[in-house]
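Novice: based on what follows, work out the 3D shape:
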Amino acid sequence: MNRINVKRITISILLLISVNLLLAQQKFLSKTFSLSIDGMGNITALEVLPAGKNLVAKDSAGVLLQLVKDEKRYKPVSATFAKSTVTLRYPDGQIARIRVSSKNTYLRFELIEISKDADAVIWGPLNTSLGDTIGNTIGVVRSPEFAVGIIALNTKTTGGELVNEEGAVYDRGTTAVKKNFGSSLQAFTVDRSHNRVITVWDRWKNVPVKGIPEGKLEGSAIAVFGSKPSAVLPVISNIEQSEGLPHPVWKKEWIKQSEYTGRPYMITSFSEENIDTLLNYAKRMGLAGVYHEGPFASWGNFELDKKLFPNGIKGFTECVNKAHAKGLRLGFHTLSNFITTNDAYVTPKPNPHLATAGSSILQEAIDKDATVLTVQSPEYFEMQSDLNSIRIDDEIIRFREVSKNAPYQLLDCVRGAFGTKKSNHARGSAVNRLLDHPYKVFFPDWILQKEIAANIANFINETGADQMDFDGHEGTYATGMGNMSLSGFAEDVYKAIKHPVVFGSSRAAHYFWHMDDYLNWGEPWYGGFRESQSDYRIDNQKFYENNYMPNMLGWFLITSQTKPEDVDWMLARAAGYNAGYALVVRYDAIKNNPFINEIVEQVNSWTEAQQKNAFSQAQKQWLRVPEHDVHLERDGVNAWKMYRYKKVVFEHSAKELQPGEPTSSEWTFQNNTGKQNVQMILLAAGNTGEISNPVIELDNSLRIHLPVSLKAGQSLVIDHSTSANLYDQKGKFIRKVTLPQPLPELAEGSHHLLFDCAFSEGADINVKITVRLSDGIEKVQAE
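Specialist: This next block holds a predicted model:
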């Protein structure tokens, strides 16, 4: 037999083996879903039963499990099947054995054995033809007819794409990803059972991270399901309860399907002294509860601020009891695992489990007053950070920089930092670089983080508090354990609490989704209600809906200058999206805002109408548009009047004129809804310069000189009173401007408006004049 014939026979045999492997199909069935795998480990069918339509992406078959070694990814080359196991073989001889369990509404896959040289495993991607709606965090994709999802079944299994050594997912989620062919679903587990040197938190390089026994690859597990879109939440509920995943309830209902999920609440800085007043206002507004924005004097051990709570835990507990007596929940804010420099974990004796970026050793002994320290290596001291701190034994020392050349020295050291004790240190002592953050805090390692989780749970259990946000949740990345740390920290708290608690967060994550009632992005510090991140708030709503989370608009700050029409604007958006929100209402604002009682009634009216589902779908769609202004008034039991407003916008610019030609601009506008008061807003739109001596003239008769100058970005709001409000470019109130007379009531019909002003030399600016008019009344009725 010649070589050519041998080669042909060999190729034929290999082709035959490949064909047989492709033809060797194994179908796994639940009552509502089936998944098929071929002899090479490819996923060839995903079917929602009884329809039986194959939802695998055409020409883009996914794979059950990939192996990662030395940053290279390997797909299986063969798959063999036993009764309840799949054995996958990889190009270099590695194997992975997976146990498959058929459950009522899903299929369960668990890695039970794998070759020892694997660094990570990747479940999927499961490639589907579904691309209409992508739940990127929860890991569910859907069309109008079908939904397919992947759920990680423990904290070591992370939903998302593996993109770094630590196994962190820094964005809002990649458990489901939009693709040209539809979508992909994926999860992964990183082997954290052995010591590693990796980049931590995408910033700290070459950090030594100790292995943990619970970090091994075996035990990585996922659930895969298919259903009708309307059945997704019931299926996930079944998975949670069957697999022992977090399944939080509120008022005896699963939080994900509770009517109480995503309710608006008050954020404030209450104390033992003023708690009664603030609870009364929250109750009058119809809010779900009161949330303290900063009750602690330190984070880590969470010592209460004695100025607010002179009776400590007992005093805070009494506040909780008062809230519960009114049917309100009461919560508190902290930054998850952040450790302040005044906490007992730092001072006077630093905990040895503060997270470190790495260490060197002292080359020379030092006394307690030395300000120059000689170290063996500069590696962990070259990067500048916010606290620039090291720990040697029981002393924390700050330094300015490390010298460029040997001998490597830490220069301008501040000894006994943060109240630690200055001490002598022997040659050869470990010099540990501490991880820190722009908030001027330190972090725990994996061991200390569990203690901090227990501290939070103990505070909740001792006081009865029933709301908390995992704000600063990303701080858990400081352990080097990626999303296993983020999910594990929250689960440690969740498992230790003894009563229902509403949890929120600043960060979306796949496994944390199970514990998370809401995400309330959007902060109020950048301007007024309309200006403060309004696009960001609106854009978030689709993300929430795609991921089966309640709509939330974020935080809104009520100050002593907040006006009712601004509150109406926010409440209208909330009604349009059926969204919750947080009102930041501090005690001084309550005392000093002349409109506070009107605002309270507004919040109550809108909240009641929203919760009673009084708005029609058409009204909700209209209310979603940020440019639409509206006001709601009660009109009996379960009935309201909704006043719509229209805005007419005119623009005035500096002009090149002939001698004697008027510099003013003139327009006409229409009032179609009877006699009414009008509001005008002047905006100096542009980058530089200012306008002065503005004049408004209405109907060729009433002329009002406005005693104010507007710099670029500033605005003046004028209504039917004898004062106007001046705001800066971010919508922050500056001052009141006294007017010689108010704007008049306008009769129905056509009206003439004239405007004029002076422009500063070289001004890059024009004036936008907005006329706000009532444009009709609609009835809002609850069943």
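
Novice: give me the secondary structure label for S485.
Specialist: helix (DSSP: H, G, I helix; E, B strand; the rest coil).

Novice: surely it is in contact with H473?
Specialist: No: between S485 and H473 no contact is recorded; they are 9.9 Å apart, counting by C-beta atoms under 8 Å. Where C-beta positions appear, they are placed from N, C-alpha and C, glycine not excepted.

Novice: more crowded one of these two?
Specialist: S485 (27 against 23; other C-beta atoms under 10 Å).

Novice: all helices for this structure, in order.
Specialist: For the chain, applying DSSP state H gives helices covering 3-23, 232-243, 275-285, 312-325, 446-463, 482-496, 534-546, 564-577, 587-592, 596-611, 617-623.

Novice: turn those into CSV, including mean pLDDT.
Specialist: As requested, those are exported to CSV (pLDDT from 0 to 100):
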stretch, mean pLDDT
helix 3-23, 44
helix 232-243, 99
helix 275-285, 98
helix 312-325, 99
helix 446-463, 99
helix 482-496, 99
helix 534-546, 92
helix 564-577, 95
helix 587-592, 94
helix 596-611, 98
helix 617-623, 97
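
Novice: so which of the ones you listed comes closest to Y439?
Specialist: Among these, helix 446-463 comes nearest to Y439, with 15.5 Å by C-beta to C-beta.

Novice: for the closest one, which outside residues touch it?
Specialist: 210, 212, 300-302, 313, 316-317, 320, 332, 334, 337, 339, 345, 351, 353-355, 444, 465-466, 468, 476, 479-481, 485, 489, 492-493, 496-499, 501 (C-beta atoms under 8 Å, 6 or more residues apart in numbering).

Novice: pull out the buried members of the residues you listed.
Specialist: Buried subset of the contacts of helix 446-463 (neighbour count, 16 or more other C-beta atoms under 10 Å): 212, 300-302, 316-317, 320, 332, 334, 337, 339, 345, 351, 354-355, 444, 465-466, 468, 476, 479-481, 485, 489, 492-493, 497, 501.

Novice: can you give me the end-to-end span of stretch 285-301?
Specialist: Distance between the boundary residues of stretch 285-301 (C-alpha to C-alpha, to the nearest Å) amounts to 34 Å.

Novice: buried residues, it. List them.
Specialist: Buried-residue list, stretch 285-301, by 16+ other C-beta under 10 Å: 285-292, 295-301.

Novice: domain map for this protein?
Specialist: Domain assignment for the chain, taken from automatic domain parsing, gives 22-245, 257-339+445-519, 356-434, 534-634, 645-781.

Novice: quick check: which of those is buried the most?
Specialist: When these are scored by mean count of other C-beta atoms under 10 Å, the highest mean neighbour count falls to domain 257-339+445-519 (a mean of 21).

Novice: of the buried residues of stretch 285-301, closest to I361?
Specialist: Relative to I361, the closest of the buried residues of stretch 285-301 is G300; by C-beta to C-beta it sits at 27.7 Å.

Novice: relative to F146, how far out is the closest one?
Specialist: G300 is 48 Å from F146, where distance means C-beta to C-beta, to the nearest Å.

Novice: ditto for V209
Specialist: V209 sits 41 Å away from F146, going by C-beta to C-beta.

Novice: just put the helices of the chain in TSV and tack on distance to G167.
Specialist: Below are the helices of the chain laid out as TSV (distance: least, C-beta to C-beta, whole Å):
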stretch	distance to G167
helix 3-23	31
helix 232-243	21
helix 275-285	41
helix 312-325	37
helix 446-463	13
helix 482-496	3
helix 534-546	23
helix 564-577	34
helix 587-592	44
helix 596-611	40
helix 617-623	41
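
Novice: out of these, the one nearest K69 is which?
Specialist: Here helix 482-496 is closest among these (C-beta to C-beta), at 18.1 Å.

Novice: so where's the longest strand in this structure?
Specialist: strand 764-781 (DSSP state E).

Novice: now do it: distance to the chain's middle.
Specialist: 33 Å (C-alpha atoms, centre = their mean, to the nearest Å).

Novice: do stretch 485-492 as well
Specialist: 16 Å.

Novice: adjust the sequence numbering to begin at 29 for everything that follows.
Specialist: With 29 as the first residue, the last one maps to stretch 513-520.

Novice: mind pulling up the pLDDT for D87?
Specialist: Listed pLDDT for D87 reads 88.

Novice: ok, now which ones touch it?
Specialist: F209.

Novice: roughly how far does it sit from G210?
Specialist: Counting by C-beta to C-beta, the gap from D87 to G210 is 11 Å.

Novice: now swap in I525 and tell me
Specialist: Counting by C-beta to C-beta, the gap from I525 to G210 is 40 Å.

Novice: one more: L781?
Specialist: From L781 to G210 the distance is 54 Å (C-beta to C-beta).

Novice: do the same with D120
Specialist: D120 is 32 Å from G210, by C-beta to C-beta.

Novice: quick one: which of the contacts of helix 474-491 sit in strands?
Specialist: Short answer: the contacts of helix 474-491 in strands (DSSP E) are 360, 362, 367, 496.

Novice: tell me the contacts of E246?
Specialist: Here E246 is in contact with 139-142 (C-beta under 8 Å, 6+ apart).

Novice: quick one: which of those residues is nearest to V225?
Specialist: Closest to V225, out of all of those and judged by C-beta to C-beta, is I142, at 22.2 Å.

Novice: which residues touch the residue nearest to P236 when sequence neighbours are not counted?
Specialist: In space, P236 comes closest to V225 once its chain neighbours are excluded; the distance is 5.4 Å by C-beta to C-beta, 6 or more residues apart in numbering. Contacts for V225 (C-beta under 8 Å, 6+ apart) come out as 234-237.

Novice: what is the nearest of the residues you listed to Y671?
Specialist: Using C-beta to C-beta, V235 comes nearest to Y671 of those, at 59.1 Å.
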